[in-house]
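A.B. asks: Generate coordinates for the sequence data below:
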Amino acid sequence: MEYVTAVPHPRSQAASVRSGRRSLAVALLAGALGAAVALLSSRQRWSAATATVAGGDFPLTAQGSDVTGVPASLAVVGLAALVAVFAVRRAGRVLVAALLALSGAGTIVAALLGASDRTALDEKAAEASGDASATVESLSHTAWPYVAAAGGALLLLAGLLALWYGRRWPAMSGRYERDGTPRPRRAARPVDPDRPEDLWKALDRGEDPTGS
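C.D. replies: Just a heads-up that it's a prediction; the model follows:
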């Protein structure tokens, strides 16, 4: 009985290569843009309110970093994971891609939870008034938490693309990786007896510069 081995059609191979390149480009763009958006959003004003201080209204604002530091931290982790995807292979690539996706998901959750948070402003009101029980009034929120969540969504997209298409992506060249195989030694250059530096180099290599 003869067994016939199926050979992939050249067109299917070319289509696979093209889809891998497109997914790679989209993942790189989405991951880098998502991390940048999440970091930028964390530095913007997320909420504002007023506190009563000495009988008057005192305006207070809170940046994203005041509310929660999770989106910015996960954005850095996601960006590092995006770079590390190309440094590992096989199971390592899957683990790093999963970390990238989880960074995006965590950024989304933290940003949405911070969209209605008032703890940071209450703490500022207590500090400004000197009353630990002081709270804020006329609380309002901006759209920046949702922008941070959008950045997390881009990181999540990059992670999912890496999980699905990562096996088709290239890895860093192993040209400079040492595998334990002895490297052939270069042939020693002839020693010129009229050049003292050649004599010293030969002696350093343990050779006899006067030998023929």
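A.B. asks: Stretch 144-151 - what's its average pLDDT?
C.D. replies: Averaging pLDDT along stretch 144-151 gives 97.
A.B. asks: what's next to that stretch, contact-wise?
C.D. replies: 33-42, 44-46, 64, 67, 71, 75, 107-108, 111-112, 114-115 (Cβ atoms under 8 Å, 6 or more residues apart in numbering). Heads up, the C-betas are built off the backbone N, CA and C, glycines and all.
A.B. asks: Return a ChimeraX selection command for the buried portion of the residues you listed.
C.D. replies: Selecting only the buried entries of those in ChimeraX, with 16 or more other Cβ atoms under 10 Å as the criterion:
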select :34,35,37,38,39,40,41,42,46,64,67,71,75,107,108,111,114,115
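A.B. asks: any idea how far residue 75 is from the nearest residue to residue 152 once chain neighbours are set aside?
C.D. replies: Computed as Cβ to Cβ, 6 or more residues apart in numbering, the closest residue to residue 152 that is not its neighbour in sequence is residue 107, at 2.9 Å. Applying Cβ to Cβ, to the nearest Å, the value for residue 107 to residue 75 is 6 Å.
A.B. asks: now do residue 60
C.D. replies: Distance of residue 60 to residue 75, given as Cβ to Cβ: 26 Å.
A.B. asks: quick one: low-confidence ranges for this structure?
C.D. replies: 1-20, 54-55, 132-133, 171-212 (pLDDT under 70).
A.B. asks: Run through the helices of it in chain order.
C.D. replies: For the chain, the helices defined by DSSP state H cover 10-42, 64-67, 70-84, 90-114, 119-129, 144-165, 196-204.
A.B. asks: Residue 91: neighbouring residues, count only.
C.D. replies: The number of residues packed near residue 91 is 8, by other Cβ atoms under 10 Å.
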